[in-house]
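Chemist: structure here, sequence nowhere to be found:
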C-alpha cells in the first residue's frame, strides 16, 4: 500500500502531466518596468541629441569664450603711416614747346628760380618778333604825340613871353609920349595911338594867360593818357618778351626736385606738369583710416608715432573725407621739432580718439566681423548652451570693444567667428 502510493507519486499519470503550470505575475511586471526604463532612456538621449528650434550644435573645443569685464578702455586707432614732404610744389610749363636741353637731373636739390630745362618754339619766336614790331610802332606814335604836346606848350610859352615883352615896350613908349604931351610937344591924337597900343598888348597878354591855364589842364590830361598808354604798351612788350623767357622751365621754390623725367625732343603744352619740388627737411605723415572712424577724426587731435622705439607727438592737421574702398586719408604734422626722416619711410602711429576711462568690455575678436556688435551669444551658467542676445557697442580699439548695453561684467560670451550662425538663436556646445 505504502509502496504503491509512493510509486504513484514518483510517476504521475498522463492527465497530471498535461495540466498547465501557472507563472508568477511579479516577474512579468519586472520585465515591463525594465523595458519602460530603457525606452525612457533612449527617448531622453534622443531628445538630448536633437537640437531645439533655431538651435545649432557647435564644437566646444573650437569655440572661443571670453568673460565680460569692467576695465580701463583706451580709445585709439593703430595706423601705418608714411612720411611725405610737408610742402610739394608742382613744376609746370608756362609756354608750350619742344624740350631742347635738360639742365638738372631728377632728385637734385634746386634753388628757387634755377633753370631746369630749355624749350624751343619757332612759331612762338616769330609771333614775339611780330608783336614786338607792332608794339614798338605804337610806342613811336605815343612818343610823337607827347612830343607834339610839348612843342605846342613851348610855342604857347614863347608867344606869351613875346606878348609880355610887347606890352612892356608899349607901356614904356606911352610913358615917354605922356611926358611930351604934358610939355605940349605931343598931340592928343598921337598920345591916344600909343595908349591904344598899350591897351591892346595888355588884353593880348591877359588872353594868352587864360589860354595857357586851359591848355595846361588839357595838356596834363593828355599827358596822363599818353603815359598810361605808353606804360601799357611797355607792359605788353615785356609780356611778349617774357613769353620767350618762359621757354626756360624754372624751379618755383627751393627743395628737392622729384618726378622730373623730361627727355630731349619731348613735346609739351602750356600748363603741363613736369615734376615737383619737395620741401627738404620738413615732413608730414599720411595714413589711411577705416571709414568707421570718419565722424570721429578731426583736425587738432593728438597722435603718437613710434620712431626707433620712442614716442613722437603728432597732431592731425588735415582730414580728407573722400572715402575710397572703405578708407579715408589723414595727414599728421609733428608737434615739435620734426625728426630726420626719409620720403616713403613707414611708421606706426597711434591716433588717440578720447581719454582712457572705465568701461564694460569684450575682446575685439572675430565675432565683431559678422555681428557688427549688434548681438552676441551669451553662455548659460551651466556652460552647455549659448543664447543670442541683442547688445549695443560704442567704441573699439584693436584689443577691446566697449559694450554700452546688453551685457554685465562676469558673463561669458562666445567671441570666435559667428560665420553661418546669424540665423540661429541658440548654440549647443558639445
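Modeler: Received it, and whenever you're ready, just let me know what you need. Keep in mind that what you see is a predicted model, and the values were worked out from it rather than measured. Numbers count the residues shown, from 1 in each chain.

Chemist: please, which helix or strand holds residue 287?
Modeler: Residue 287 belongs to strand 283-290 when elements are defined using DSSP states H and E.

Chemist: check which helices and strands that strand sits against.
Modeler: Applying 3 or more C-beta pairs under 8 Å, 6 or more residues apart in numbering; DSSP states H and E, one finds that strand 283-290 makes contact with strand 76-85, strand 327-334, strand 346-352. Every C-beta, even on glycine, is put in place using the N, C-alpha and C of the backbone.

Chemist: switch the cut-off to 6 Å
Modeler: Contacting strand 283-290 under the criterion 3 or more C-beta pairs under 6 Å, 6 or more residues apart in numbering; DSSP states H and E are the following elements: strand 76-85, strand 327-334.

Chemist: tell me the domain ranges of the protein?
Modeler: By the record's domain assignment, the chain is partitioned as 55-74+357-429, 77-86+282-352, 91-118+248-276, 122-245 (automatic domain parsing).

Chemist: mind checking the end-to-end distance for the third one?
Modeler: Criterion C-alpha to C-alpha, to the nearest Å; first-to-last residue distance in domain 91-118+248-276 is 5 Å.

Chemist: cool, and stretch 384-402?
Modeler: From the first residue to the last, stretch 384-402 extends over 26 Å; the measure is C-alpha to C-alpha.

Chemist: could you do stretch 173-193 as well?
Modeler: End to end - C-alpha to C-alpha - stretch 173-193 spans 11 Å.

Chemist: just how off-centre is it within its chain?
Modeler: Chain-centre distance of stretch 173-193: 100 Å, with C-alpha atoms, centre = their mean, to the nearest Å.

Chemist: quick one: mean pLDDT over that stretch.
Modeler: The average of the pLDDT scores along stretch 173-193 is 82.

Chemist: give me the contact list for that stretch.
Modeler: Judged by C-beta atoms under 6 Å, 6 or more residues apart in numbering, the contacts made with stretch 173-193 from elsewhere in the structure are 194-195, 198.

Chemist: flag every buried residue along that stretch.
Modeler: Neighbour counts using 16 or more other C-beta atoms under 10 Å place 174, 177, 181, 186, 191 of stretch 173-193 among the buried residues.

Chemist: what does stretch 282-298 give?
Modeler: So, applying 16+ other C-beta under 10 Å, buried residues of stretch 282-298: 283-285, 287-289, 293, 297.

Chemist: now stretch 207-214
Modeler: Buried residues in stretch 207-214, defined by neighbour count with 16+ other C-beta under 10 Å: 208, 212.

Chemist: contact partners of that stretch?
Modeler: Counting contacts by C-beta under 6 Å, 6+ apart, the residues outside stretch 207-214 that touch it are 156, 160, 163.

Chemist: mind redoing it with 8 Å?
Modeler: 156-157, 159-160, 163 (C-beta atoms under 8 Å, 6 or more residues apart in numbering).

Chemist: rebuild the residues you listed as CSV, extending it with distance to residue 420.
Modeler: Converted to CSV, the contacts of stretch 207-214 look like this (distance: C-beta to C-beta, whole Å):
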residue, distance to residue 420
156, 107
157, 108
159, 113
160, 112
163, 117
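
Chemist: looking at these, which has the most residues close by?
Modeler: In terms of neighbours by other C-beta atoms under 10 Å, these top out with residue 163 at 19 neighbours.

Chemist: so how far is the helix or strand encompassing that residue from its chain's centroid?
Modeler: Following DSSP H and E, the helix or strand that holds residue 163 is helix 122-182. Per C-alpha atoms, centre = their mean, the displacement of helix 122-182 from the mean C-alpha position of its chain is 65 Å.

Chemist: mind listing the strands in the stretch 251-400 of the chain by residue range?
Modeler: 255-258, 267-268, 273-278, 283-290, 302-307, 310-324, 327-334, 346-352, 357-363, 375-379, 385-390, 392-396, 400-405 (DSSP state E, counting those that start in this stretch).

Chemist: partner strands of the third one, with direction?
Modeler: In other words, strand 273-278. Neighbouring strands of strand 273-278 in its sheet, by DSSP bridges, are strand 88-92 (antiparallel), strand 255-258 (antiparallel).

Chemist: among the strands of the stretch 251-400 of the chain, which comes closest to residue 57?
Modeler: strand 385-390 (9.8 Å; C-beta to C-beta).

Chemist: adjacent strands (with direction) for the closest one?
Modeler: As assigned by DSSP bridges, strand 385-390 forms pairs with strand 375-379 (antiparallel), strand 426-429 (antiparallel).

Chemist: just these: most buried one?
Modeler: Mean neighbours per residue, mean count of other C-beta atoms under 10 Å, is largest over the strands paired with strand 385-390 for strand 375-379, with a mean of 22.

Chemist: so how far is that one from its chain's centroid?
Modeler: Per C-alpha atoms, centre = their mean, the displacement of strand 375-379 from the mean C-alpha position of its chain is 41 Å.

Chemist: any idea how far residue 376 is from residue 389?
Modeler: Computed as C-beta to C-beta, to the nearest Å, the residue 389 to residue 376 distance reads 6 Å.

Chemist: give the burial count for the residue nearest to residue 405 when sequence neighbours are not counted, as a bare number.
Modeler: In this structure, residue 405 finds its nearest non-sequential neighbour in residue 392, 4.0 Å apart by C-beta to C-beta, 6 or more residues apart in numbering. Other residues lying near residue 392 total 13 when counted by other C-beta under 10 Å.
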